[in-house]
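1. Structure for the following, please:
(one chain, ligands or ions: 1)
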Amino acid sequence: MLDQSELTRYNRQLIIPDIGEEGQRRLKNSHVVVVGVGGLGCASAIYLTAAGVGHITIVDFDAVELSDLNRQILYWEEDIGKKKVEVAQKKLSKLNQGVEITPIFAKITEKNVHSVIDGTQIVVDGLDNLPARLVVNSACIKQRLPYIYGGVSRLRGMITTMIPGKTPCLACAHPEGPKGLGVLGVTPAVIANLQALEAIKIIIGHSPSLAGKLLLFNGNDLKFRVYNIKRDENCKVCSSVLSA
Ligand SMILES: [Zn+2]
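-> Below you'll find the predicted structure:
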């Protein structure tokens with residue numbers, strides 16, 4: 001049940017008919033893992049925490065650097081040199097003490113990925129490289145977990161929601177990530193908020209909008225374009241999962 005403080009805190013989203021108290025209870029009982037707490041992960045973790053996702057695991061192996069501060073909004077000047085997951089846990093807990101934040105200081109590998117995502121319901125991508133994403137992708141297929149991919153570069157970004165057995169996985173959708181060095185801080189904020197929205201929709205029982213679709217964001221002309229993407233029936237990673 002939700003207590004009076006929660007009813008007040010979440011009032012503005014509770015009164016949305018599609019969410020209601022039942023949706024809020026589902027959020028409270030959910031467990032999401034954000035892999036990588038950089039530009040994408042900071043923003044998605046903040047909004048998932050504010051929305052009242054009951055348990056959030058955050059994973060990263062980096063320390064805060066000055067050059068992170070243009071986009072990794074959980075970290076401030078006083079945090080330079082500290083472990084990102086520890087700073088993020090403190091800030092997120094200050095925002096919403098009703099949310100359990102589990103920090104994992106580790107680089108995602110084939111060895112630890114299953115223990116990291118085990119027991120969670122949704123994996124939100126905050127990684128910055130394809131090899132690590134493919135490790136997470138394979139593990140999500142094995143554990144039948146939705147994986148919400150996000151990628152950014154400069155003023156461009158992309159997102160797709162991968163549901164094992166229903167949509168392409170990262171290995172067969174192989175979205176070619178946006179290219180080019182550098183990233184403007186607002187770009188991961190745009191993409192990460194859409195990732196958080198997709199996660200919230202799945203938790204409250206709505207259909208994710210970007211399952212089987214790739215959304216491309218271009219901040220240069222401020223356009224969102226959405227393309228259908230198809231599953232490769234011979235994909236080495238996901239073809240073993242029967243269509244639901
Ligand atoms: Zn696949």
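2. Could you list the contact residues of the chain toward the ion?
-> 169, 171, 172, 235, 237, 238 (Cβ under 5 Å from the ion). In this view, the C-beta of every residue, glycine as well, is placed from N, C-alpha and C.
3. how about 6 Å then?
-> 168, 169, 171, 172, 232, 235, 237, 238 (Cβ under 6 Å from the ion).
4. Could you list every helix and strand in contact with the longest helix along the chain?
-> Taking DSSP state H as the criterion, the chain has its longest helix at helix 186-203. The contact analysis (3 or more Cβ pairs under 8 Å, 6 or more residues apart in numbering; DSSP states H and E) places helix 186-203 against helix 20-28, helix 39-51, strand 122-125, strand 147-153, strand 156-162, strand 213-218.
5. what sits up against the fifth one?
-> Read that as strand 156-162. 137, 140, 146-152, 167-170, 173, 175, 177-178, 187-188, 190-191, 194-195, 198, 202, 208-220, 229 (Cβ atoms under 8 Å, 6 or more residues apart in numbering).
6. at 7 Å what do you get?
-> 146-151, 168-170, 173, 175, 177-178, 187-188, 190-191, 194-195, 198, 208, 210-211, 213-219, 229 (Cβ atoms under 7 Å, 6 or more residues apart in numbering).
7. could you give the mean pLDDT of that strand?
-> The average pLDDT within strand 156-162 is 97.
8. where are the low-confidence patches of this structure?
-> For the chain, the stretches with pLDDT under 70 are 242-244.
9. Switch the helices and strands packed on helix 186-203 over to JSON lines; also include mean neighbour count.
-> Below are these laid out as JSON lines (neighbours: other Cβ atoms under 10 Å):
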{"stretch": "helix 20-28", "mean neighbour count": "18"}
{"stretch": "helix 39-51", "mean neighbour count": "26"}
{"stretch": "strand 122-125", "mean neighbour count": "27"}
{"stretch": "strand 147-153", "mean neighbour count": "26"}
{"stretch": "strand 156-162", "mean neighbour count": "26"}
{"stretch": "strand 213-218", "mean neighbour count": "18"}
